[in-house]
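Q: Next come a sequence and a model predicted from it.
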Amino acid sequence: MEGEVNFFFLILNFFLYFSSLLLIYYKKNLSFIDKLIGAFILYLFILISSFPILGYFHILEFKTILSYTIFFITLFTILSFKNIKPLINEIKFYFFELINFLKQKFYFSIIIFFIILEIFLIIRYLILNGIDGWDTFMYHIQISSRIVIEKGMPSFEFLNNYLPHFFFPKNVEFLFSYFYIFNKSIDCAPLFHIIFVFFGVLSVYSILRKLNIKRERALFSFLLFFLPILPHQSVTGYCDLEFNMLFII
């Protein structure tokens, strides 16, 4: 039964991420932002797919995850080698364009400053206080830690006997486990929230641009960073932000 769930979990993720990749990479004249979003989805799939695959054999540990990740990154790098130089030139072009825009639009520089300040305060809180939230300790972190202990998917026996309700691992809990395996601590694992929010905001910006909203106005999508729910969720082990941002992406 557990092997079957592992298999279907992997297949579900395959369709979720590779359907997005097919839509993104088979479309011509993509914007630079959409390419970044596509790369994020691809790397996210590499990270998450390692858990049901390696976890099935209960060999989910630092060396195997690192080897698995490096293998696929190398593979995709080789397959896209001819596009690397144009991509580097594109990155340089948009980087200097952003610098020039910030010089011209001082108000947006202020927004960027406060976003960085907010992220700094979230990191400071996590370092001093650790993660928070009732659901965090009731099942999210328990599942994540159990993945590390069993070096694979938690057994149904554990989920049934030690959790108040049956919660099968979700992708975000795999990422928490990933952070714990590499960092030996789970306190700052919610930093994953910030990454998802960033690409969610980029996706909102991309959507607005496709609706022919002027760039200066579309950039105000970055104000989503200041929604009150963001700093609250960013210090918890919840998966709400990820689900919302992935829906937008």
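A: Structure received.
Q: Measure how far whatever helix or strand His193 lives in is from the centre of its chain, please.
A: His193 belongs to helix 191-210 when assigned by DSSP states H and E. With C-alpha atoms, centre = their mean, to the nearest Å as the basis, helix 191-210 stands 11 Å off its chain's centre.
Q: helices or strands up against it?
A: Other helices and strands packing on helix 191-210, by 3 or more C-beta pairs under 8 Å, 6 or more residues apart in numbering; DSSP states H and E, are helix 32-56, helix 106-129, helix 171-183, helix 215-218, helix 229-233, helix 240-248. Yep, even glycine has a C-beta here, placed from its N, CA and C like the rest.
Q: and among these, the most buried is which?
A: helix 171-183 (a mean of 21; mean count of other C-beta atoms under 10 Å).
Q: Run through the neighbouring helices and strands of it.
A: If you count contacts as 3+ C-beta pairs under 8 Å, 6+ apart, helix 171-183 packs onto helix 32-56, helix 62-79, helix 141-150, helix 191-210, helix 240-248.
Q: that older thread, tell me the angle of the helix holding His193 relative to helix 171-183?
A: Orientation check (axes from the mean of the first three to the mean of the last three C-alpha atoms, to 10 degrees): helix 191-210 against helix 171-183 gives 130 degrees.
Q: how about helix 191-210: buried residues?
A: Neighbour-count burial for helix 191-210, counted by 16 or more other C-beta atoms under 10 Å, picks out 192-194, 196-206, 208-209.
Q: ok, residues contacting that helix?
A: Applying C-beta atoms under 8 Å, 6 or more residues apart in numbering, the contact partners of helix 191-210 are 31, 33-34, 36-37, 40, 119, 122-123, 126, 172, 175-176, 179, 215, 217-219, 221-222, 224-225, 230, 233-234, 241-242, 244-246, 248-249.
Q: export that helix as CSV, just CAs?
A: C-alpha atoms of helix 191-210 as CSV (Å, rounded to 0.1, in the frame of the first residue of the first chain):
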residue,chain,number,x,y,z
LEU,A,191,12.6,30.6,4.5
PHE,A,192,11.1,28.5,1.7
HIS,A,193,8.0,30.6,2.1
ILE,A,194,9.9,33.7,0.9
ILE,A,195,11.1,32.0,-2.2
PHE,A,196,7.6,30.9,-3.1
VAL,A,197,6.2,34.3,-2.5
PHE,A,198,8.9,35.9,-4.6
PHE,A,199,8.0,33.7,-7.6
GLY,A,200,4.3,34.2,-6.9
VAL,A,201,4.8,38.0,-7.1
LEU,A,202,6.8,37.6,-10.3
SER,A,203,3.9,35.5,-11.7
VAL,A,204,1.4,38.3,-10.8
TYR,A,205,3.7,40.8,-12.5
SER,A,206,3.9,38.6,-15.6
ILE,A,207,0.1,38.2,-15.7
LEU,A,208,-0.4,42.0,-15.5
ARG,A,209,2.1,42.6,-18.3
LYS,A,210,0.2,40.1,-20.5
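Q: Please tell me how far Glu118 sits from Val235.
A: 12 Å (C-beta to C-beta, to the nearest Å).
Q: next one: Phe106
A: 31 Å.
Q: Okay, now the unreliable bits of this structure?
A: Applying pLDDT under 70 to the chain flags residues 1-7, 9-10, 16, 20-28, 156, 158-169.
Q: sec struct for Tyr238, please.
A: Three-state call for Tyr238 (DSSP: H, G, I helix; E, B strand; the rest coil): coil.
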